[in-house]
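> after the sequence you'll find the predicted model.
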Amino acid sequence: MTSKLIWLSALWAVWSFFYSGTWSTYLATYFSARSRALSSLISPSFCIVGCFGLGFLLDIESLSQRRRAQLGLFTVVILNLGVYIWSIVMQAKFNATNPDKID
């Protein structure tokens, strides 16, 4: 419990716990049932592709193990921050225009 790595990992655990509920509420508020079903198909598909991509990135043998770990961490953090920023921008846009259910 005194390791910085454990505390940093705890932040990711908290994020992953609350991420699903936030995303589900966002989808339920602004999107129709068909759109949510499409999201339920596409989102895990992209996760699978992303996991394979991250695996290939982490398997680059020309880089040191430390450098691969840093590259993997930065990739995940940047992509997650991008999604959060995009979500905040879209939420502000939806709050301003109050759209009906998007199909």
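In hand now; what should we look at?
> buried residues in the helix or strand harbouring residue 76?
Using DSSP states H and E, residue 76 maps to helix 65-97. Burial within helix 65-97, assessed by neighbour count using 16 or more other C-beta atoms under 10 Å, is assigned to residue 68. Placement of C-beta: from N, CA and C, glycine included.
> the spatially most central residue of the chain: what's it in contact with?
By C-alpha atoms, centre = their mean, the chain has its centre lying nearest to residue 80, at 4.5 Å. The contact partners of residue 80, by C-beta atoms under 8 Å, 6 or more residues apart in numbering, come to residue 15.
> can you tell me how far residue 13 is from residue 6?
Distance of residue 13 to residue 6, computed by C-beta to C-beta, to the nearest Å: 10 Å.
> same question, residue 28
34 Å.
> with residue 87 instead?
For residue 87 relative to residue 6 (C-beta to C-beta), the value is 28 Å.
> pLDDT at residue 1, what is it?
Looking at residue 1, its pLDDT reads 69.
> and what of the one 5 residues further on?
Each residue has a pLDDT score; the one for residue 6 is 75.
> does anything pack onto the helix or strand harbouring it? Which helices or strands?
Using DSSP H and E, residue 6 sits in helix 4-30. Using 3 or more C-beta pairs under 8 Å, 6 or more residues apart in numbering; DSSP states H and E, the elements in contact with helix 4-30 are helix 33-58, helix 65-97.
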